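**Q** Predicted model and sequence follow; I will ask about them next.
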Amino acid sequence: MHVHSNTYMRRGILGGRELLHVDRRTWEIQHSTHFLNAYNLTALKAFHSLEKRHQKGLQYANMSSQTVLTRNSSSVASESMQELHSPFTYEAAMEALSSLITGKRRDGNANTDAKYKKLERMSMYVQILGIEKQIADLNIIHVAGTKGKGSTCTFCEAILRESGFKTGLFTSPHLIDVKERFRLNGLEISEGQFLLYFWGCWHQLKDKVTEDLPMPPLFQFLTLLGLKIFVSEKVDVAIIEVGLGGKNDSTNVIQDPTVCGITSLGFDHMEILGDTLEKIASHKAGIFKPQVPAFTVPQLPEAMDVLNQRAHEVEAPLQIVAPLTYERLKGVKLSLSGDHQLANAGLAVSLCKSWLNTRGNWEKLFPNVSYNSLPEAFLRGLSSAYLPGRAQIVHDSCLGINDQMGSDKSCCGELIFYLDGAHSPESMDACAKWFSNVVKEKIHRPVSSSFSKGENMEDISIQHSKEQEESKTISKRILLFNCMDMRDPEVILPRLVDICASSGSDFSKAIFVPSISTYSKVTSGASDIPLSIPSKDLTWQFNLQRVWERIIHGKEIGVNKSVKLKMEAVENSPPPEFLYDDISHCNPANGNFSCSAVFPSLPLAVSWLRKSARENPSLRLQVLVTGSLHLVGDVLKLLRR
């Protein structure tokens, strides 16, 4: 068990020249998110040097063999400057990843003319990387499901890390930067680490490309990269989230996991997995392996029957796990918000206990703790796990709300973003319930009417001032929405509206925008986002608006008839009174929709929200961003600019 990181990058002196030894199995570097120095840069240059030598026909050891690179220690600075133009920069890696996007369907049998099926190719790629045997030693927790996969995996990672194990976590998709998919000991992999492993895998696979075995598509490559990283970093446990489905997913190249989990099942990716819950469950249950313990949360009968049948076929012991209760948590608050997280946390606890039990570590670590109890390490993990873009609340710091320098906050209103990447009917239900609860907590803040011990008159004066400001605050709940055109807004939007309305958290307005992220290019977190973005086809956004207006008005109000007029007006931001107009001001005949607006770009929408908050000190804008993880990622990228 490795609690602390080791340093695998070593230096020596020979003949006045420094030696950089790159370990035969790993190309490993120091486990620090800030570790990116001249040695990384020199190693990156080595890839280019080796490639040139290969082109000349010279014999040299490949990336999986021990390589000794030499450099003059006095040239570090100049080499670092030259590295700005190296073909092995992070942006070059993003371009390389983008070239792997095929645009084809993601199921395993899309290309019927291919000589090898997806998982056959994955096995061949694993052999090329030389990690086939090591994968079996990763002690993997493999998790599939429709919703809650990422949360469950994140809980598992935090629990086992808090228990003293060295962890690796692979999740998808990323929100801002591809490095988010790979965590070591809870931290996103550093840029230096990513580049070393990326180019190592890239060249090993590139050298073996044939007509029958092309470079792997994007997600397959990222899966292979994750496995290579975890093998090389010698993690004690690797927690792997399934990308899509299970049976034909790239991660199902894993043949010998320690334990498997299935989160809540529902209708998503039906164009690939099937249009019934039974078909979807069959795909998810494809990760079950003979004799490997499996756990799932309570499912609908038609899904549970399929899971039980598959478990019986492969002789995998399957257990149903009840959600955690607040009593078992002993007052500890889950770090991931929403009551639905109790089910994910319960599944994570069972997966971790099974993992520890299989490895014989439970008695060693928790000798005086009942197996049915939650050790302190488990509680610490459940209260500290972090997963961005899922039930996340962000106060816009551009307005000075979180300013610690004592600036006058009364000069502008509040702008709070509630971010959740829900995009299926079931996850939208959970999102709506979470949003309704947290905004009510914010609005109905308890008012203190008595002195507490230790309070002075100045404290009370400040408190009363805050209470008076609170009483004058005008709260507007706004939906900022987009979803992929394969989703059905006729299903997910009504559920969102109904749940929020039934709890008294109705939306004042809805804003529909195109996403910035494209599915044809991988960009880095440092990529610029221009405020002015070339105009896009907004037909889909107007369709979303049409659905929304019909929900609000209870009837079709002719949005389609005025699309041309709306297209001409959309270049201009809504007037200030838009925020305060009620439904009575709606006049579809002249393109005036009081309940919603379409913006030509996300940056313009965020800019308009900020402007509105700045100009109205008494205004609190509570913006729910949902419908797409890509949209959530775009908003997070904008907010951190």
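**A** Thanks, I have the structure now.

**Q** got the phi/psi numbers for the residue lying closest to Trp202 once chain neighbours are set aside?
**A** Distance criterion CB to CB, 6 or more residues apart in numbering; nearest residue to Trp202, sequence neighbours excluded, is Ala96 at 6.2 Å. For glycine as for every other residue, the C-beta is placed from the backbone atoms N, C-alpha and C. Backbone torsions for Ala96, taken as degrees, to the nearest 10, come to phi -60, psi -40.

**Q** Please apply the same query to Phe170.
**A** phi -120, psi 120.

**Q** Roughly how far does it sit from Asp236?
**A** Phe170 sits at a distance of 15 Å from Asp236 (criterion: CB to CB, to the nearest Å).

**Q** Now Met122: which helix or strand?
**A** Assigned by DSSP states H and E, Met122 falls within helix 118-129.

**Q** Looks to me like Ile141 is in a helix.
**A** No. Secondary structure of Ile141 (DSSP: H, G, I helix; E, B strand; the rest coil): strand, not part of a helix.

**Q** Where does the prediction get shaky in the protein?
**A** Along the chain, the model assigns pLDDT under 70 to residues 1-86, 103-113, 399-410, 442-471, 518-520, 528-535, 556-572, 582-593.

**Q** same thing but at 50, please
**A** When residues are selected by pLDDT under 50, those of the chain lie in 2-42, 44-85, 105-108, 401-407, 443-457, 459-467, 560-565.

**Q** got a list of what Thr296 touches?
**A** Gly261, Ile262, Thr263, Met304, Leu307, Leu318, Gln319, Ile320, Val321, Leu347 (CB atoms under 8 Å, 6 or more residues apart in numbering).

**Q** just checking, the last one touches Val259?
**A** This means Leu347. No. Under the criterion of CB atoms under 8 Å, Leu347 makes no contact with Val259, lying 10.8 Å away.

**Q** and the two? which has more neighbours close in?
**A** The residue with more neighbours, out of Leu347 and Val259, is Leu347; 30 against 25, by other CB atoms under 10 Å.

**Q** I'd assumed the more buried one was in a helix, is it?
**A** Yes. If the criterion is three-state DSSP, then Leu347 is within a helix.

**Q** hang on, the earlier thing: separate out the buried members of the contacts of Thr296.
**A** Buried members of these, scored by 16 or more other CB atoms under 10 Å, are Gly261, Ile262, Thr263, Met304, Leu307, Leu318, Val321, Leu347.

**Q** The fifth one: which element?
**A** So the one you mean is Leu307. helix 301-314.

**Q** tell me which residues in that helix are buried?
**A** Ala303, Met304, Val306, Leu307, Asn308, Arg310, Ala311.

**Q** and the next helix or strand after it, which strands flank it?
**A** The element immediately downstream of helix 301-314 (helix or strand, assigned by DSSP H and E) is strand 318-320. According to DSSP bridges, strand 318-320 forms sheet pairs with strand 294-296 (parallel).

**Q** Can you give the distance of the partner strand from its chain's centre?
**A** 23 Å (CA atoms, centre = their mean, to the nearest Å).

**Q** Angles on the backbone of the nearest residue to Met486 once chain neighbours are set aside, please.
**A** The spatial neighbour of Met486 that comes closest, neighbours along the chain excluded (CB to CB, 6+ apart), is Glu271 at 6.4 Å. Recorded main-chain torsions at Glu271 are phi -70, psi -20, according to degrees, to the nearest 10.

**Q** gap between Glu271 and Val321?
**A** In terms of CB to CB, Glu271 sits 30 Å off from Val321.

**Q** Kindly export the following helix or strand past the helix holding Met122 (C-alpha atoms) in PDB.
**A** Sequence-wise, the next helix or strand downstream of helix 118-129 (DSSP H and E) is helix 132-135. Provided in PDB are the C-alpha atoms of helix 132-135 (Å, rounded to 0.1, in the frame of the first residue of the first chain):
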ATOM      1  CA  GLU A 132      -1.900  -6.500 -20.400                       C
ATOM      2  CA  LYS A 133      -0.500  -8.300 -17.300                       C
ATOM      3  CA  GLN A 134      -0.300  -5.100 -15.200                       C
ATOM      4  CA  ILE A 135      -3.900  -4.300 -15.700                       C
END
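
**Q** Please confirm that Ile416 is located within a strand.
**A** Yes. Checked against three-state DSSP, Ile416 lies within a strand.

**Q** Quickly list what it is bridged to.
**A** The partner residues for Ile416, given DSSP bridges, come to His395, Gln622.

**Q** Give me the neighbour count for it.
**A** Residues near Ile416, counting by other CB under 10 Å: 20.

**Q** That one contacts Ile393, correct?
**A** Yes. Using CB under 8 Å, Ile416 makes contact with Ile393 at a distance of 6.6 Å.

**Q** Report the set of residues contacting both of the two.
**A** With CB under 8 Å, 6+ apart, Ile416 and Ile393 have no common neighbours.

**Q** pretty sure Tyr116 is in a strand, no?
**A** No. Per three-state DSSP, Tyr116 lies outside any strand segment and is coil.

**Q** and it, how far is that from Ile287?
**A** In terms of CB to CB, Tyr116 sits 20 Å off from Ile287.

**Q** Kindly report the same for Tyr90.
**A** Counting by CB to CB - Tyr90 and Ile287 are separated by 32 Å.

**Q** Comparing the two, which residue is more hemmed in?
**A** Ile287 (27 against 19).

**Q** Pull the contacting residues for the more buried one.
**A** Ile287 neighbours (CB under 8 Å, 6+ apart): His142, Ala144, Val242, Gly246, Lys247, Asp249, Thr251, Asn252, Ile254, Pro257, Cys260, Ile262.

**Q** on that earlier part again, common neighbours of Leu347 and Val259, please.
**A** Overlap of the contact sets of Leu347 and Val259 (by CB under 8 Å, 6+ apart) consists of Phe295.

**Q** hang on, Leu169 in a strand?
**A** Yes. Under three-state DSSP, Leu169 falls within a strand.

**Q** That one touches Val237, doesn't it?
**A** No. Using CB under 8 Å, Leu169 makes no contact with Val237, being 9.3 Å away.

**Q** Pick out whichever of these two has more residues nearby.
**A** Neighbour count, other CB under 10 Å: between Leu169 and Val237, Leu169 has more, with 30 against 25.

**Q** Columns distance to Ser335 on top of the buried ones among the contacts of Thr296, output as CSV?
**A** Listed next are the buried ones among the contacts of Thr296 as CSV, based on distance: CB to CB, whole Å:
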residue, distance to Ser335
Gly261, 19
Ile262, 23
Thr263, 17
Met304, 29
Leu307, 28
Leu318, 28
Val321, 19
Leu347, 16
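
**Q** And the strands in the stretch 101-250 of the chain?
**A** 140-144, 167-170, 182-184, 187-188, 237-241 (DSSP state E, counting those that start in this stretch).

**Q** Ok, the stretch 251-400 of the chain next?
**A** Using DSSP E, counting those that start in this stretch, strands in the stretch 251-400 of the chain cover 259-262, 294-296, 318-320, 392-395.

**Q** Packing partners of the last one?
**A** When contacts are defined as 3 or more CB pairs under 8 Å, 6 or more residues apart in numbering; DSSP states H and E, strand 392-395 packs onto strand 414-419.

**Q** tell me how far the strand it packs on is from the chain's mean position?
**A** On CA atoms, centre = their mean, the centre of strand 414-419 falls 19 Å from the chain's centre.

**Q** Give me the buried positions along the helix or strand just after that strand.
**A** Sequence-wise, the next helix or strand downstream of strand 414-419 (DSSP H and E) is helix 425-443. Buried residues in helix 425-443, counting neighbours by 16+ other CB under 10 Å, are found at 425-436, 438-439, 442.

**Q** All good on my end, thank you.
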